[in-house]
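Undergrad: turn this into a structure:
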Amino acid sequence: MSEPSLPEDTREGYADALPEYAERVLEVAERIPPGRVMTYGDVAEWLEEGGPRQVGRVMALYGSAVPWWRVVRSDGVLLPGHELRALGHYRTEGTPLKEASRAAEGHLPRLDMKRARWDGGADAEGHT
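TA: All right, here's what the predicted structure looks like:
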């Protein structure tokens, strides 16, 4: 994910400049509870609009303004180039991980998608 040049605390100030779809994607990312994740496809399905690539593009351009580490690839692989930052967040939040085997390149864990994936559940008030 490439980081946008906007500081994290300025998303509200730029809300008028964000495309409506981007604003909706970021709102979903903000709803994901600590220790849980949604895939790019899950977010698109939640919004009933776009697809994983569109969500990924929004996160790449504007995602630093929200908990970006909670919107992930469906295979549980940590975001290339941001693995260590994401891993720190996952460990702090208690996100379920699968430890890497010693043979795995870089020995980085993956997300345990069966346990970490959030479907919107009871905390999903205001779903469109």
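Undergrad: quick one: contacts for residue 58?
TA: By C-beta atoms under 8 Å, 6 or more residues apart in numbering, the contact list for residue 58 reads 21, 22, 25, 26. For glycine as for every other residue, the C-beta is placed from the backbone atoms N, C-alpha and C.
Undergrad: name the element the spatially closest residue to the third one that is not a sequence neighbour belongs to?
TA: Right, residue 25. The shortest distance from residue 25 to any residue other than its chain neighbours is 4.3 Å, reached at residue 58 (C-beta to C-beta, 6 or more residues apart in numbering). With elements taken from DSSP states H and E, the one containing residue 58 is helix 52-62.
Undergrad: using PDB, write out every CA atom in that helix.
TA: Backbone C-alpha positions of helix 52-62 (Å, rounded to 0.1, in the frame of the first residue of the first chain) are rendered in PDB as follows:
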ATOM      1  CA  PRO A  52     -11.500  -5.900  -4.300                       C
ATOM      2  CA  ARG A  53      -9.400  -3.900  -6.700                       C
ATOM      3  CA  GLN A  54     -11.400  -0.800  -6.200                       C
ATOM      4  CA  VAL A  55     -11.200  -1.100  -2.500                       C
ATOM      5  CA  GLY A  56      -7.500  -1.800  -2.700                       C
ATOM      6  CA  ARG A  57      -7.000   1.400  -4.800                       C
ATOM      7  CA  VAL A  58      -8.900   3.400  -2.200                       C
ATOM      8  CA  MET A  59      -6.800   2.000   0.600                       C
ATOM      9  CA  ALA A  60      -3.600   2.700  -1.300                       C
ATOM     10  CA  LEU A  61      -4.600   6.300  -1.900                       C
ATOM     11  CA  TYR A  62      -6.300   7.200   1.300                       C
END
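Undergrad: count the residues that sit near residue 22.
TA: Here the count is done by other C-beta atoms under 10 Å, and residue 22 has 19 residues near it.
Undergrad: going forward, count from 41.
TA: Understood, numbering begins at 41; the last thing we discussed is residue 62.
Undergrad: sounds good, over and out.
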